[in-house]
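K.L.:
here is my input, please return the structure:
(2 chains)
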Number of protein chains: 2
Amino acid sequence: MLKTKNTFLKGAFVLPKKNSAHSILIYDQSLLAYDDFKILKKSFVHTYEVSAGESLKDFAAFPGHMEKILSLTEGIPTADLQIYSAGGGSVGDFCGFMASTLRRGVLLKHIPTTWLSAVDSAHGGKTALNVGGFKNQIGSFYPATENIFIRKILEGQGDARRIDMLGEVLKISLLNKKVFRKICEKTFAELNDNEFIWQHLALFIDAKMGWVKQDPLEKNGIRAVLNLGHTVGHAFESGFHLQHGFAVALGVVFAVRLSLQKKVLSRSAWLEISKMPLYQKFSVDLDLFLQDHFKLKENFDLNFNLIAQQLQKDKKKTSQLSVKYIFLKSIGQPLPRSYPISEIVQDLKRQCS
Amino acid sequence: MLKTKNTFLKGAFVLPKKNSAHSILIYDQSLLAYDDFKILKKSFVHTYEVSAGESLKDFAAFPGHMEKILSLTEGIPTADLQIYSAGGGSVGDFCGFMASTLRRGVLLKHIPTTWLSAVDSAHGGKTALNVGGFKNQIGSFYPATENIFIRKILEGQGDARRIDMLGEVLKISLLNKKVFRKICEKTFAELNDNEFIWQHLALFIDAKMGWVKQDPLEKNGIRAVLNLGHTVGHAFESGFHLQHGFAVALGVVFAVRLSLQKKVLSRSAWLEISKMPLYQKFSVDLDLFLQDHFKLKENFDLNFNLIAQQLQKDKKKTSQLSVKYIFLKSIGQPLPRSYPISEIVQDLKRQCS
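P.N.:
Numbering: from 1, shown residues only, chains lettered A, B, ... in the order given. Below you'll find the model as predicted:
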């Protein structure tokens, strides 16, 4: 598997002149608000504007985009063609799938512009589109040759986007002891800080890539552990329109509680985790969320059914009725197990009671 | 790169019962005319009918197919799911691209039912779709785990389909000395024979795979030699609606003549080639074709322009004005060179004079 180079820049990236004739920048229109992005964009001859979000990942609209990209890049020899993707996770998924299929694969470089994509989705080479409203049903494994991080653009985001990213940081801290030790005593305010995140970005990336490298094409089951918190997280995200990272944070807390209850997680490890300010913050968020959508709802049965339906669509199914669920044994030691969907719904009811 | 297993069967393939719950057969509707295919189809629980041809490869229609395939295969775990593709080259390209992207890749097995796909397109893992009328603009490298050849179905085809396949056989004989020696003295009637082709199918496949293995992802230029005859062949095919294999045969003859004229091909090798009955047959066909479409046409300039336009769309471009053209030095020794499109058009005019 191709190794991705990570480049960390304080200010604007400028495309080298020698590459301008055969490079194309695909970017999210919201980036035009950033001066550093305007400088970046000016250095490209070929550009293509998109609007980030799930609708960009709709496969039905994809052939139309592909046709336009093909005509923009028509004269460029395949071996020279480079796609630069500037935006968050949806833009990265869109451009990654495009680069992997256009002329059977052309060079791809990511400029992740949200903290969440900088920490998570830009790494590991997964691309995905949605089909008929079902999330990430098609895609490819196609790592970028380079990820370019621009601090000024990443810092320009609001507080909500940083909290979204901290959900994935909570997850990776439970999958990697080094990350856990680094953040376990930090207050939420210390973590929710541009300087701290920028300084530790490489650490978070390495922790994820440590798992990816053992199973780049998701063939032997190891990479699946990165799905910790995502089974229930995705169901919350799709069912109640939450931000991805925040939904994952709730799913991680759910998985920790379930692992303790099933006696998979040792009591001592659970005590360590539950002392973490970051875990505590999202644990309170999960309680509030369960209260709002299940406990206090008159028609809470409808919402449990909604979650069951969403779990049925999970890509990690092991049979008609079960999914691969990631439990936690201890910090840095996940445990994937086939687990019935009906049990997850029962567990959710138990956590609400 | 995954090794493809080749299975040669006299009569119908029957799916093992243990695979029926998680396999889907995608097949060309014309196959329903074959009893052996009806037996094959009966052994599948999940089937999906398509109509072979270039319209099947239209990317704009692809998301609609993908949505139907997704709902047909919904409950099947990704690791178990197998796509069986039954048809010629267009069905193989369609199913190959689908298998490579569905849930980021599922198992693929080809049942090539035309001689041309059995000899050529089922091997080497190239998949492709057309975008906005431009041929094979997107795709992937995704070899099948198994190719299943059913003699009775292959033999059920008419004479025209066998001649189409012999174009690719001419090509591979010039790229492989063993194949050349085997067919160089055979009369056209001896070659155009089901028994002969069936007996030599594995030889032709091995000759192609010998080149593919040296460059499976088309990165170092070696695999490109399989494009011998295809530059001009594709232009004839698209410009004048010829069958693919027949157009390639004309392109191969053109390439041999051009290689001799440019003194790339030795006179002694040319003498050997020009004594081959198969070469002689297609050499006459090229002369007839040039006469019909260029020499005897009042508005022949229009047709030269048409060819120039088609060459502009060639995927193997090395610059705005040139393509990678495969010359021949001797039997088994191709020579790829960047070559101007304008020169090819001049050479075509020369061969017409």
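
K.L.:
so for A:Met1, what's the pLDDT?
P.N.:
pLDDT, the model's per-residue confidence, is 55 for A:Met1.

K.L.:
quick one: low-confidence ranges for chain A?
P.N.:
Counting by pLDDT under 70, the low-confidence segments of chain A come to A:1-2, A:297.

K.L.:
residue numbers of it in contact with chain B?
P.N.:
For chain A, the residues in contact with chain B (C-beta under 8 Å from any C-beta of the partner chain) are A:59-60, A:62-64, A:66-67, A:70-71, A:75, A:77-78, A:97, A:100-105, A:126, A:128, A:131-132, A:134, A:137-141, A:217-218, A:315-320. For the C-beta atoms, the positions are set from N, CA and C on the backbone; glycine is no exception.

K.L.:
can you give me the strands in the stretch 201-350 of chain A?
P.N.:
Secondary structure of the stretch 201-350 of chain A by DSSP state E, counting those that start in this stretch: the strands cover A:322-330, A:333-340.

K.L.:
so which of those is nearest A:Thr231?
P.N.:
Smallest distance to A:Thr231 across those (C-beta to C-beta): 5.5 Å, for strand A:322-330.

K.L.:
can you list the buried residues in that closest one?
P.N.:
Applying a neighbour-count criterion of 16 or more other C-beta atoms under 10 Å in any protein chain shown, the buried positions in strand A:322-330 are A:322-328, A:330.

K.L.:
what does stretch A:206-217 give?
P.N.:
A:207-209, A:211-212, A:216.

K.L.:
equivalent analysis for stretch A:22-30, please.
P.N.:
For stretch A:22-30, a neighbour-count test (16+ other C-beta under 10 Å) marks A:22-28 as buried.

K.L.:
pull the number of nearby residues for A:Glu168.
P.N.:
Other residues within reach of A:Glu168 by the criterion other C-beta atoms under 10 Å in any protein chain shown amount to 25.

K.L.:
nearest spatial neighbour of it, skipping sequence neighbours?
P.N.:
For A:Glu168, ignoring the flanking residues on the chain, the nearest one in space by C-beta to C-beta, 6 or more residues apart in numbering or on different chains is A:Asp120 at 4.5 Å.

K.L.:
A:Gly88 against A:Leu116, yeah?
P.N.:
Yes - assessed by C-beta atoms under 8 Å, A:Gly88 is found in contact with A:Leu116 at 6.5 Å.

K.L.:
ok, now which ones touch A:Leu335?
P.N.:
If a contact means C-beta atoms under 8 Å, 6 or more residues apart in numbering or on different chains, then A:Leu335 has A:259, A:264, A:326-329 as its contacts.

K.L.:
out of these, flag the one nearest to chain B.
P.N.:
Using C-beta to the nearest C-beta, A:Ile326 comes nearest to chain B of the contacts of A:Leu335, at 16.2 Å.

K.L.:
what residues are up against the closest one?
P.N.:
A:Ile326 touches A:224-225, A:227-231, A:255, A:334-336, counting by C-beta under 8 Å, 6+ apart.

K.L.:
report the central residue of chain A.
P.N.:
Per C-alpha atoms, centre = their mean, the C-alpha nearest to the average position across chain A is that of A:Ser121, at 4.3 Å.

K.L.:
can you give me the strands for the stretch 51-200 of chain A?
P.N.:
Listed in chain order, the strands of the stretch 51-200 of chain A (DSSP E, counting those that start in this stretch) span residues A:82-87, A:107-112, A:126-131, A:134-141, A:146-150.

K.L.:
for these, give me JSON lines that also has mean neighbour count.
P.N.:
Putting the strands of the stretch 51-200 of chain A into JSON lines (neighbours: other C-beta atoms under 10 Å in any protein chain shown) gives the following:
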{"stretch": "strand A:82-87", "mean neighbour count": "25"}
{"stretch": "strand A:107-112", "mean neighbour count": "25"}
{"stretch": "strand A:126-131", "mean neighbour count": "24"}
{"stretch": "strand A:134-141", "mean neighbour count": "20"}
{"stretch": "strand A:146-150", "mean neighbour count": "21"}
